[in-house]
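Q: no sequence on hand, only this structure:
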């Protein structure tokens, strides 16, 4: 580390990125213009499921409108997994034979402006013969359902079973509860939607694609597979990207279509997704269904979970994460932070006539946390104990760390009960219970809820090899070099789109080399300028790119020491590098001077200097690649108007353990942003479809996102248990904020409503759902009354 | 999406505007564009011509006489919110305006535009119905004045003739004893309301009225539902009054309306 400086690991530095982002100087695909550039609009399917009987393009538009037949030499998008029983879907770039969701691409229209391209789309005659739409994931699993992919014989991409000594629990004396829970389909809503600008560089004979992506190297691989050209003939640039959240980790058919057409037309082509396309046709996520039974012993300790989970995976397996990333992980995530002996979990990834499900911040964890933690509260109520007591009785204890849980997840470090205790203290559970017994003067009902999760991050080869999706993460590299003026340049293949990596990776390098923060520059987002990387996803970048930056800086440090020792006329063993100086027994020399000497006065270098110079590419993989497990306890205090169903969040506490924090201010930003999104999942966001598969929200007045007035002040408390497996003890934590709020807030609402006999089991918990649950409970109660 | 092609004209006098409206039946009048703009972009509206009335000075005026106040149709919500025009309701209009959409919407959106669009979830429609407002209309055959009650024919449908324009909103004078209250329930600040309620009381004018939004279009009016401002009706009573008055929504929709009316009446009593 770097004692005596305030620019290294642990410093609360403002972001280097702030200047351009806050002053409106960011540069996004929508800001880019190339000479002769044309805009693209797509004709999209108006029906969820139909046979294509004809796509008729007016003769005068044929040179500028492309349909599936034109793209005959383009391979479809395929994201298969190696999991046994997985059924492959083939996603044509432009629909072929059938359409399988509203919004699927049918034709591509190229014009000087977007409006003219949309005019062209209006001229195309699309003849469709409707087929029965498959819109409910449970009905889709039944034998009489219509089929999306006829060759499969059913609508299930994949089913899995995880079972550990389950039957034994049935012989024990237990209390159990069974609940059916749902999380609604959502749409990810980064400020910037997707956007692509493709052109062919004739000098380099290279396709250049500027895309709003968080994984430029993966986009390059996907484009090469679809277009049948070498990856070296493709350069993908991700300029500033206005939020990713997983949506920018997907190879879109739009990207492939533009990459193909730009060469055909010899013109730069751009498509900028509008909000309607993003909401209704592209950015779908999160739709889960659970039937779950939780068992406890008479002492209030969790004994077993039995679960059947389904995920509505939509029409196609999206590249590269596949259709099974959510359901396929549920079996291993569902046990949460708890230690219990009996377990069974069956999962189904179900194909429906909706847009493909994509991984959204938290991925499967948000739904899993909701199902588990809401059910645990129900179990505690059945036991007649505080939900926090059930948790404290059942959490993995710190002395058990590192801990292999019932689903073989390897928890690296932490003190889970302590996180919960701190959350109980911060929200002041005792005082809340007293206040509840007094009642509120305005007639509202008060409720408090807790939820916990862990977030596996930076998990690598050993985890993904079994998945066998189109990429398996291995080693991560950083290319680092001193420039002749003594400044430091870092190049990484991951991408930063709001995470502040330009700042935090500079802090890592500063900790090792002592180069001033403002003389360290991060280069990212360009396949031509950076080492290969699977990109930024899975909260991996601070672990993997942070580890790679450190590895490269370590090597540079050794080379600096060798040159520095010679310049100081000291033995290498007698000098050290710290705070930006190579220091020997009789003096010291700054690393900038060492760098200048290397480049400008090679005559002064020792004879045995490393000829590799002051630039290195070094790689990294964690000591153990099963991932770090940051975790948190969230606590929500709400007031509910049972007449209208209005909910006010009075207090919200997050006790988070992200290991060693590289920049606590950025960590707080991640937690606040994630929690805001989690509040959206909990109370607002719902991408509903009707029985014909028509999306019922296509603008932000139908699809509600929380705004500043809906997000309370979030109080964050940190614990910092180092991971034993990473370079600095850091853990990945970018997604966690978005995981627990639906569970914590729903538990708080259910706590408020419990005396009325009402319980909410679906997210978002809307005012109407609350009011109707209360009315139902009143009716049921009246019927029960003598 | 981007708007389909249209022509754009910005007349500076009312006769010019009326002539343009008369000669181009498929034209749309632009009076702030906070709804029409998105409708153009979504291609839900594809007029051949936009007639922007933002520069017609006559429509931006506030006229006061012995009997009342008339607001020009293109006065913005923000102007009312900020108190830049006279408020004969001692702050009630300003309070209503401050709750419309977001500030950016209020800066461009206009009172006349809102009423002509007649979105059932629009604030002005409910608030001004409670106040028993009237509208000044102009057409090729001259000017006329109509009551706002009866003007709205359905959701986003009005009795405005194809060649007419709203030129202003008129409020008859209130007495010093007048009181008003307003409340709306929105899922999210700034978004369209699920229910809006307004209460108005002026003993000298014999006005004691509750107005509430309905999905069908015109706000539902309950006249004389209370004796004095302090006599705030109860939820259950309001629910049955709403049903008797013909409100056909489900239990939750009825409940929300009763609640906003009760809160509006409570706010009025607190003034």
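A: Perfect, thanks for sending it. Everything quoted here is computed from the prediction, not taken from an experiment.
Q: top helix in the chain by residue count?
A: Looking at chain A here, since you left the chain open. helix A:541-567 (DSSP state H).
Q: um, chain B though
A: Under DSSP H, chain B gives helix B:251-270 as its longest helix.
Q: quick one: is that helix near chain A?
A: Yes. Applying Cβ under 8 Å from any Cβ of the partner chain, one finds helix B:251-270 touching chain A at B:251, B:252, B:255, B:256, B:259. Backbone N, C-alpha and C define where each C-beta goes, glycine included.
Q: can you tell me which of those residues are buried?
A: Using 16 or more other Cβ atoms under 10 Å in any protein chain shown as the burial test, the residues of helix B:251-270 next to chain A include B:252, B:255, B:256, B:259 as buried.
Q: tell me the helix or strand right after the helix or strand hosting residue A:634.
A: With elements delineated by DSSP states H and E, residue A:634 resides in strand A:628-640, which encompasses its position. The helix or strand immediately downstream of strand A:628-640 is strand A:647-657, counting by DSSP H and E.
Q: pull out the buried positions in that next one.
A: When burial is assessed from 16+ other Cβ under 10 Å, strand A:647-657 yields the following buried residues: A:647, A:649, A:650, A:651, A:652, A:653, A:654, A:655, A:656, A:657.
Q: just send these back as a markdown table, with distance to chain B too.
A: Conversion of the buried residues of strand A:647-657 to a markdown table gives the following (distance: Cβ to the nearest Cβ, whole Å):
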| residue | distance to chain B |
| --- | --- |
| A:647 | 10 |
| A:649 | 13 |
| A:650 | 17 |
| A:651 | 19 |
| A:652 | 17 |
| A:653 | 23 |
| A:654 | 23 |
| A:655 | 28 |
| A:656 | 27 |
| A:657 | 32 |
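Q: from those, pick the one nearest residue A:124.
A: Closest to residue A:124 out of the buried residues of strand A:647-657 is residue A:647 (46.0 Å), distances taken as Cβ to Cβ.
Q: OK, contacts around that closest one?
A: Applying Cβ atoms under 8 Å, 6 or more residues apart in numbering or on different chains to residue A:647 gives the contacts A:638, A:639, A:640, A:641, A:683, A:745, A:749, A:765, A:767, A:770.
Q: just residue B:134 next, same as before
A: B:145, B:146, B:147, B:148, B:169, B:170, B:171, B:172.
Q: repeat the analysis, applying 7 Å as the threshold.
A: With contacts defined as Cβ atoms under 7 Å, 6 or more residues apart in numbering or on different chains, the neighbours of residue B:134 are B:145, B:146, B:147, B:148, B:170.
Q: roughly how far does it sit from residue B:171?
A: When distances are taken as Cβ to Cβ, to the nearest Å, residue B:134 and residue B:171 turn out to be 8 Å apart.
Q: residue A:466 too?
A: Residue A:466 sits 72 Å away from residue B:171, taking Cβ to Cβ as the criterion.
Q: show me which of the two is the more surrounded one.
A: Neighbours were counted for residue A:466 and for residue B:171 using other Cβ atoms under 10 Å in any protein chain shown; residue B:171 has more, 19 against 12.
Q: may I ask which helix or strand encompasses the more buried one?
A: Here residue B:171, judged by DSSP H and E, is contained in strand B:165-172.
Q: where does the most centrally placed residue in chain A land in three-state SS?
A: With the centre of chain A defined as its mean C-alpha position, the nearest residue by Cα atoms, centre = their mean is residue A:361, 3.0 Å away. At residue A:361, secondary structure determined by DSSP: H, G, I helix; E, B strand; the rest coil is coil.
Q: need the phi and psi values for the residue in the stretch 401-550 of chain A that chain B sits nearest to.
A: Across the stretch 401-550 of chain A, no residue is closer to chain B than residue A:443, which sits at 11.0 Å (Cβ to the nearest Cβ). Dihedral pair for residue A:443: phi 80, psi -10, per degrees, to the nearest 10.
Q: and for it, the neighbour number?
A: Residues contacting residue A:443 under the criterion other Cβ under 10 Å number 10.
Q: what of residue A:63?
A: If you count neighbours by other Cβ under 10 Å, residue A:63 ends up with 11.
Q: helix/strand/coil for it?
A: Reducing the assignment at residue A:63 to three states with three-state DSSP gives coil.
Q: just the pLDDT at it, thanks.
A: What the model reports for residue A:63 is a pLDDT of 96.
Q: again, but for the one 4 residues further on
A: At residue A:67, the predicted lDDT confidence score is 98.
Q: related to what we said a few turns ago, dump the buried ones among the residues of helix B:251-270 next to chain A into CSV; add pLDDT as well.
A: As requested, those are exported to CSV (pLDDT from 0 to 100):
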residue, pLDDT
B:252, 97
B:255, 97
B:256, 98
B:259, 98
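Q: around chain A, pick out the residues from the stretch 51-200 of chain B.
A: The stretch 51-200 of chain B has residues B:185, B:187, B:188, B:189, B:190, B:191, B:192 near chain A, with proximity defined as Cβ under 7 Å from any Cβ of the partner chain.
Q: with respect to chain A, which of these is nearest?
A: Where those are concerned, and distances follow Cβ to the nearest Cβ, chain A has its nearest neighbour in residue B:189, at 3.8 Å.
Q: nearest residue to that closest one in space, please, no chain neighbours.
A: Across the structure, with Cβ to Cβ, 6 or more residues apart in numbering or on different chains as the measure, the residue nearest residue B:189 apart from its sequence neighbours is residue A:709 (3.8 Å).
Q: go ahead and confirm residue B:112 touches residue B:165.
A: No. No contact is recorded between residue B:112 and residue B:165 when judged using Cβ atoms under 7 Å, the distance being 8.2 Å.
Q: that's a strand at residue B:37, yeah?
A: No. The assignment for residue B:37 is helix, going by three-state DSSP, so no strand is present there.
Q: quickly note the distance from it to chain A.
A: Summarising the geometry, the distance separating residue B:37 from chain A, computed by Cβ to the nearest Cβ, to the nearest Å, is 12 Å.
Q: what's the burial count for that residue?
A: Residue B:37, neighbours per other Cβ under 10 Å, totals 15.
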